[in-house]
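Enquirer: What follows is a protein structure lacking sequence information:
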């Protein structure tokens, strides 16, 4: 079965600094929590996506405080 963009659903998303986090599901699959990617701005002004890598204390704190919302999205 080929990937169908219409079946890819974002249930919740947030951003702290350059780090993107989200809860997504594909078709009838289970919702999943994703940490990353990071969005960086190149010298040309163009945005680029890179791996999340390690989290800062602030990013971890943000994710921790958002856990009730994330859990709710994962349960949907």
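Expert: In hand now; what should we look at? All values reported here derive from a predicted model rather than from experimental measurement.

Enquirer: Spit out the contact partners of the most centrally placed residue in the chain.
Expert: When Cα atoms, centre = their mean is applied to the chain, the residue found nearest the centroid is residue 21 (2.5 Å). Taking Cβ atoms under 8 Å, 6 or more residues apart in numbering, we find residue 21 in contact with 13, 14, 15, 33, 34, 35, 36, 63, 66, 70. To be clear about C-beta, it is placed using only N, CA and C from the backbone, and glycine gets the same treatment.

Enquirer: now those residues: which count as buried?
Expert: 33, 36, 63, 70 (16 or more other Cβ atoms under 10 Å).

Enquirer: What are the boundaries of the strands in the chain?
Expert: With strands called from DSSP state E, the chain shows them at 8-16, 19-26, 32-41, 47-50.

Enquirer: Now for residue 27: which residues touch it?
Expert: The neighbours of residue 27, taking Cβ under 8 Å, 6+ apart as the test, are 4, 7.

Enquirer: cool, residue 47 as well?
Expert: The neighbours of residue 47, taking Cβ under 8 Å, 6+ apart as the test, are 39, 40, 41.

Enquirer: go on, residue 16?
Expert: 58, 59, 62, 63.

Enquirer: how about the residues you listed in JSON lines, adding distance to residue 51 and pLDDT?
Expert: Listed next are the contacts of residue 16 as JSON lines, based on distance: Cβ to Cβ, whole Å; pLDDT from 0 to 100:
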{"residue": "58", "distance to residue 51": "18", "pLDDT": "95"}
{"residue": "59", "distance to residue 51": "14", "pLDDT": "96"}
{"residue": "62", "distance to residue 51": "18", "pLDDT": "96"}
{"residue": "63", "distance to residue 51": "16", "pLDDT": "96"}
